[in-house]
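Could you look at this predicted model? Sequence included:
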Amino acid sequence: MKKLSAEFLGTFVMLAVGTGAVAIDDESVLGIALAFGVSVGLMILMFGKVSGAHFNPVVSITFALHGKMAKRELIPYLLAQCLGAAAGSFLVYSLKNKPEGLTLPSEELSTFLAFGIEIGITFVLMFVILRAPCMVGPSISRIATLVGATIAINAYLFGPMTGASMNPARTLGPAWVAGNLDFLWLYVFAPCTGGLIALAIHKAVPPKEKGCC
């Protein structure tokens, strides 16, 4: 229960802070990117040693396939993350009286290109997460900084195009509150695909320092 509570609270805070930033000023791409990146980094610091601080179904699925977490824990983790995301989104909705932070492709993008962008940025995020212990050592604070910075950079660069979800739970929360599930399939399958590609490359090209990842 401690692990599931940590996953729920971490995802809740990420959505409440991130979509809250959208509610405050949806034109501030940098502010929104920093809100998501910093909130995730802080939650990793708080809950990294409790649950592993996934806060993202892609991370949990990838870790389960990689043997970094027990497969029996996967479904409970996914439920905790999705419920936390919904709760965070509902909190913002209750304060603003309208849904905020929907991840939708820009009208200028084709669905195919939006799908590719979400695959690419989730691949980058998941590869960083997989290699983080080798890149910065086992320090939770360094890992939190690295992962948070990756999220913030991806969100800043690609947020205006696709919303830079990288996380099915992050999309599900606002979509469920808004009753808009039109593009949910894209933000589920594309990030999962990016995560699986990252895992495949991580395994195919093992780090030089064996056992660190």
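Yep, that arrived.

from what I can see residue 155 touches residue 36, true?
Yes - Residue 155 is within contact range of residue 36, at 5.3 Å (criterion: CB atoms under 8 Å). Every C-beta, even on glycine, is put in place using the N, C-alpha and C of the backbone.

ok, those two, which is more surrounded?
Taking other CB atoms under 10 Å, residue 155 and residue 36 do not tie; residue 36 has more neighbours (28 against 24).

which ones are touching the residue nearest to that one when sequence neighbours are not counted?
Excluding the flanking residues, the one nearest residue 36 by CB to CB, 6 or more residues apart in numbering is residue 18, at 4.2 Å. Neighbour list for residue 18: 32, 35, 36, 39, 101, 170 [criterion: CB atoms under 8 Å, 6 or more residues apart in numbering].

Neighbour-wise, which one of those leads?
Most surrounded of the contacts of residue 18: other CB under 10 Å gives residue 170, at 31 neighbours.

How about the most centrally placed residue in the chain, nearest residue that isn't a chain neighbour?
Central residue of the chain (CA atoms, centre = their mean): residue 167, 3.8 Å from the mean position. Leaving aside its sequence neighbours, residue 167 sits nearest to residue 56 (CB to CB, 6+ apart; 4.3 Å).

what's the neighbour count on that neighbour?
By other CB under 10 Å, neighbour count at residue 56 equals 31.

who touches it in this structure?
Neighbour list for residue 56: 11, 81, 166, 167, 168, 169, 170 [criterion: CB under 8 Å, 6+ apart].

For stretch 106-120, buried residues please.
114, 115, 116, 117, 118, 119, 120 (16 or more other CB atoms under 10 Å).

Then stretch 175-192?
175, 176, 177, 183, 186, 187, 188, 190, 191, 192.

for the chain, what spans make up the strands?
Here the chain has no strands by DSSP state E.

who's in contact with residue 58?
122, 126, 166, 167, 168, 191, 192, 194, 195.

Spatially, which residue comes closest to residue 189, not counting chain neighbours?
residue 115 (7.7 Å).

returning to what we had before: next, the residue nearest to residue 167: phi, psi?
Residue 56 adopts backbone torsions of phi -160, psi 120, taken as degrees, to the nearest 10.

now it: how far from residue 94?
24 Å (CB to CB, to the nearest Å).

show me the residues around the nearest residue to residue 102 once chain neighbours are set aside that make contact.
Excluding the flanking residues, the one nearest residue 102 by CB to CB, 6+ apart is residue 174, at 4.9 Å. When contacts are counted by CB under 8 Å, 6+ apart, residue 174 is found next to 15, 19, 89, 99, 100, 101, 102, 103.

I'd like those as CSV, with pLDDT and distance to residue 204 appended.
Shown next, in CSV, are those (pLDDT from 0 to 100; distance: CB to CB, whole Å):
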residue, pLDDT, distance to residue 204
15, 97, 34
19, 95, 36
89, 96, 37
99, 82, 41
100, 89, 40
101, 90, 35
102, 91, 36
103, 93, 30
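
Put together a markdown table for the residues you listed, with distance to residue 77 on each row.
Listed next are these as a markdown table, based on distance: CB to CB, whole Å:
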| residue | distance to residue 77 |
| --- | --- |
| 15 | 16 |
| 19 | 21 |
| 89 | 19 |
| 99 | 25 |
| 100 | 25 |
| 101 | 22 |
| 102 | 24 |
| 103 | 21 |
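
This completes my enquiry, with thanks.
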